[in-house]
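Asker: Have a look at this fold, sequence not included:
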RNA sequence: CUAAGUGUUGUUUUA
């Protein structure tokens, strides 16, 4: 069973739900842990209904779901339509007296956040007896996503008042608050608070800072943050390229992009869509077009998100002809 | 001599 469970988990992480199911079905033993692994695999791949169904099956077979079961099921219920199921599970959890577990509580909170149920999020947070750093981090992100930037910063301060120590995730999320030229000073001030600490050497934190400075229009600070990274990862390079593009340094962005592209296909798409949107102003038409040539060259105009970004860019640049041209060349539209 | 499997938050993303 142990081996089967590990494999189910592995398949889940690779997106092979079918294979996971096969293993699950053909297993001779079915204990809670195997169920948990299967439920986790399902929720990771967006199979909400199956995940909930397995929870019920597990109970019908006389087994008792544990904390991990609920966390995975809650994870699966992260979507506007799944909130009904999520609430049922919530009630169930409350009746079992395990709502005080911090991991379960955090899963509850983020479930509601993904459902867009901000009121419930706040409720969970307020009635949560075992809030930890993860809880606060999640809350900061929720506030950011609902554009409550001041509240996000307030939360960051409050968590320290409550005696919790911010971690690198806290800072990485926090810096996303500062995303405009007007916010540069505030951003710098916040950055100053980690200067000299280990956070100012952490890739994740520094990546976030590159992004922040790029959005605030300070390419010098962005480069400086990049230079502090001992081992830049794909995200670091990506953030730097995008920072150049946002600061009106299209050529440098392009050059960097060309030297990097192909290293990580998924990130390449992110880079392109972001650069194109940054180029979506008339003055940048030339650079946008130049970039377009590179894309056509590598046959990436087929990708939907890149295509959409191209259409958007040409539209914004007032070149409807080109926008239409791209649109017609795309294989699929959404 | 010893063992094994499952879970929540995070940095780059266009509309």
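Answerer: Cool, got the structure. In this text, all values refer to a predicted model and were calculated from it rather than measured experimentally. Residues are numbered from 1 along each chain as shown, chains lettered A, B, ... in the order given.
Asker: which residues sit in contact with residue A:170?
Answerer: By Cβ atoms under 8 Å, 6 or more residues apart in numbering, the residues touching residue A:170 are A:133, A:136, A:137, A:140, A:156, A:159. The C-beta positions use only the backbone N, C-alpha and C, and glycine is treated the same way.
Asker: so which of those residues would you say is closest to RNA strand B?
Answerer: Nearest to RNA strand B among these: residue A:137, at 3.8 Å, using Cβ to the nearest atom of the strand.
Asker: Please verify my assumption that the closest one contacts residue A:176.
Answerer: No: Residue A:137 is beyond contact range of residue A:176, at 11.9 Å (criterion: Cβ atoms under 8 Å).
Asker: which of those two has more neighbours?
Answerer: Using other Cβ atoms under 10 Å, the more surrounded residue of residue A:137 and residue A:176 is residue A:137, with 24 against 17.
Asker: Any buried residues in the helix or strand encompassing that one, and which?
Answerer: Secondary structure assigned from DSSP states H and E places residue A:137 in helix A:133-145. Within helix A:133-145, the residues that count as buried by 16 or more other Cβ atoms under 10 Å are A:133, A:134, A:135, A:136, A:137, A:138, A:139, A:140, A:141, A:142, A:143, A:144.
Asker: which other helices and strands contact it?
Answerer: On a contact count with 3 or more Cβ pairs under 8 Å, 6 or more residues apart in numbering; DSSP states H and E, helix A:133-145 meets helix A:102-114, helix A:118-126, helix A:149-161, helix A:168-174.
Asker: Spell out which residues of the stretch 101-250 of chain A are next to RNA strand B.
Answerer: Contacts of the stretch 101-250 of chain A with RNA strand B, taken as Cβ under 7 Å from any atom of the strand, map to A:101-104, A:106-107, A:110, A:133-134, A:137-138, A:141, A:168-169, A:172-173, A:176, A:203-204, A:207-208, A:211, A:234-235, A:238-239, A:242.
Asker: swap the cut-off to 6 Å and go again
Answerer: For the stretch 101-250 of chain A, the residues in contact with RNA strand B (Cβ under 6 Å from any atom of the strand) are A:101, A:103-104, A:106-107, A:110, A:134, A:137-138, A:141, A:169, A:172-173, A:176, A:203-204, A:207-208, A:211, A:235, A:238-239, A:242.
Asker: Low-confidence bits of chain A, can you list those?
Answerer: Under the criterion pLDDT under 70, the flagged ranges of chain A are A:99, A:281-303, A:316-318.
Asker: for residue A:151, what are its contacts?
Answerer: Listed by Cβ under 8 Å, 6+ apart, the contact set of residue A:151 reads residue A:143.
Asker: again, but for residue A:214
Answerer: Counting by Cβ under 8 Å, 6+ apart, residue A:214 makes contact with A:222, A:239, A:240, A:242, A:243, A:244, A:246, A:247.
Asker: Contact partners for the last one?
Answerer: Residues near residue A:247 by Cβ under 8 Å, 6+ apart: A:214, A:217, A:218, A:219, A:222.
Asker: Dump these into a markdown table; add secondary structure and distance to residue A:190 as well.
Answerer: Putting the contacts of residue A:247 into a markdown table (DSSP: H, G, I helix; E, B strand; the rest coil; distance: Cβ to Cβ, whole Å) gives the following:
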| residue | secondary structure | distance to residue A:190 |
| --- | --- | --- |
| A:214 | helix | 16 |
| A:217 | coil | 16 |
| A:218 | coil | 14 |
| A:219 | helix | 19 |
| A:222 | helix | 15 |
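Asker: Next, give me the two most distant ones among those.
Answerer: Greatest spatial distance in these: A:217 and A:222, 9.4 Å, computed using Cβ to Cβ.
Asker: Noted, bye for now.
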